[in-house]
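Student: Predicted model, plus sequence, below.
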Amino acid sequence: MVWPGLNAPIVRGREVVERVQLPPDKDREERLIQLRNAMHSFKPPKLTPLERGWSGYRMPGRSIGPPDPIGDVSFDTFDTIVLELRLVTRMTGNLGRLRRHRAMVVVGNKNGLIGFASGRANDARAALRVAKNRAIQRLRYIDRFEGHTVFHDYFTQYGPMKVMVRKKPKGYGLVCQRVFREICKLVGITDLHAKIIGCRARSVSNLVRAFILGLHNQKTHQQLADEKRLHLVEFKNETDNYPRVVASPRDGCRTAAEISTDEELDFDRVVGEGRLLRNPPKFEPWYIKGNPKGWEIHLRKTDPFRNAYETRLHLIHRHGSLCSFVNPEGWDVVWRKDGDSQ
């Protein structure tokens, strides 16, 4: 197709070029292939936002697909996430300083199986392939509570890395460091809160080992019930603290006479081995700390109008207008400063 102004001039000599459809060119594909083979460098393909890593086009945070099959066994249900890819050097006596690529990846099937490994090679792709195929040989199974979170809050440590992990209800999401978030996605955990305590040198290797060590060492409710030989009872505020038996011992429950008075029975203290995360006091702004009486007066004045805007939106969305069982006709009452209503 000849488009004047796009792929052809508008005026050729004294004649105006018109739009004309050309006959099909059979040799066009062959010429494109020859031109492509003659090129020395290619422009990197553009990635979608979901395919990008943590920082632009870099490899950490990106998926590189399932590991290579071993014989007739394939791993199509697994996925691999790159956690670290860096250039390392090693000084030798005869060759001098040698440079190699070091990659660390994590492999999982999003249903409890997880494995991690690192690999080194002269090429970055070869290092990723070595780490990926090595991680699939080091799988372990992680138990999950109701398939979405951990069984209890726990403290874990590997070297200088200290991590406090908290169990969260459905819909909370993953509030944690990005390495922990990728591990949780491959394990199948969707709701969790993790906080790194007092360590600024956040090595990826120590992060992975500390977090997976804590996941591996957590105790299920049935294990705690069998260990204590007592019923594990759950109380929730949303159910008005109605007791619900979560697990019962398999070898029989102890009687009240067999339980000593100094035995620890609190769930958080038993699983935390005496470690509890201190909740910092809530921050108070200057207008509350400096003038608490004035703040109480402000709260009393604004209490009738608290959440008024959200309530209006909810009524309009539910009934189509500002109506409820108090005002079924849907009259919009607007209060003025003079005290009259309209």
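Tutor: Thanks, I have it.
Student: How is the protein divided into domains?
Tutor: 51-141, 154-217, 221-272, 286-319 (automatic domain parsing).
Student: Same list (these) but as CSV, adding mean neighbour count, mean pLDDT and distance to I33.
Tutor: Any C-beta I mention is one placed from the backbone N, CA and C, and that applies to glycine too. As requested, these are arranged in CSV below (neighbours: other CB atoms under 10 Å; pLDDT from 0 to 100; distance: least, CB to CB, whole Å):
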stretch, mean neighbour count, mean pLDDT, distance to I33
domain 51-141, 16, 92, 25
domain 154-217, 18, 91, 39
domain 221-272, 12, 89, 63
domain 286-319, 11, 88, 58
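Student: right, so of those domains, which gets closest to L6?
Tutor: Set against L6 and scored by CB to CB, the domains of the chain come closest in domain 51-141, at 31.5 Å.
Student: what about that closest one, how long is it end to end?
Tutor: End-to-end distance for domain 51-141, by CA to CA, to the nearest Å: 27 Å.
Student: which outside residues touch the host helix or strand of I33?
Tutor: According to DSSP states H and E, I33 maps onto helix 28-38. Outside helix 28-38, no residue is within contact range by CB atoms under 8 Å, 6 or more residues apart in numbering.
Student: Which strands or helices does the biggest helix by length in the chain pack on?
Tutor: In the chain, ranked by residue count with DSSP state H as the criterion, the top helix is helix 204-217. Contacts defined by 3 or more CB pairs under 8 Å, 6 or more residues apart in numbering; DSSP states H and E place helix 204-217 against strand 79-91, strand 97-108, strand 113-121, strand 154-158, strand 161-167, helix 178-187.
Student: Rebuild the ones you listed as a markdown table, extending it with distance to G274.
Tutor: Shown next, in a markdown table, are the helices and strands packed on helix 204-217 (distance: least, CB to CB, whole Å):
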| stretch | distance to G274 |
| --- | --- |
| strand 79-91 | 32 |
| strand 97-108 | 31 |
| strand 113-121 | 28 |
| strand 154-158 | 10 |
| strand 161-167 | 14 |
| helix 178-187 | 24 |
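Student: out of those, nearest to R269?
Tutor: strand 154-158 (12.0 Å).
Student: coming back round to it: which of the helices and strands packed on helix 204-217 sits closest to S324?
Tutor: Among the helices and strands packed on helix 204-217, strand 161-167 sits nearest to S324 (CB to CB), with 37.9 Å.
Student: helices and strands around the closest one, which ones?
Tutor: strand 154-158, strand 192-196, helix 204-217.
Student: Can you name the next helix or strand after the longest one?
Tutor: Counting by DSSP H and E, the element after helix 204-217 in chain order, helix or strand, is helix 221-228.
Student: List the contacts of that next one.
Tutor: 145, 151, 219, 231-232, 246-251, 265, 267, 270-271.
Student: Recalculate using a threshold of 6 Å.
Tutor: 232, 246-250 (CB atoms under 6 Å, 6 or more residues apart in numbering).
Student: related to what we said a few turns ago, tell me which of the helices and strands packed on strand 161-167 lies nearest to V88.
Tutor: helix 204-217 (12.4 Å).
Student: can you list the domains of the chain in JSON lines and add distance to R12?
Tutor: Listed next are the domains of the chain as JSON lines, based on distance: least, CB to CB, whole Å:
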{"stretch": "domain 51-141", "distance to R12": "44"}
{"stretch": "domain 154-217", "distance to R12": "59"}
{"stretch": "domain 221-272", "distance to R12": "79"}
{"stretch": "domain 286-319", "distance to R12": "63"}
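Student: Those: which one's closest to V16?
Tutor: domain 51-141 (46.0 Å).
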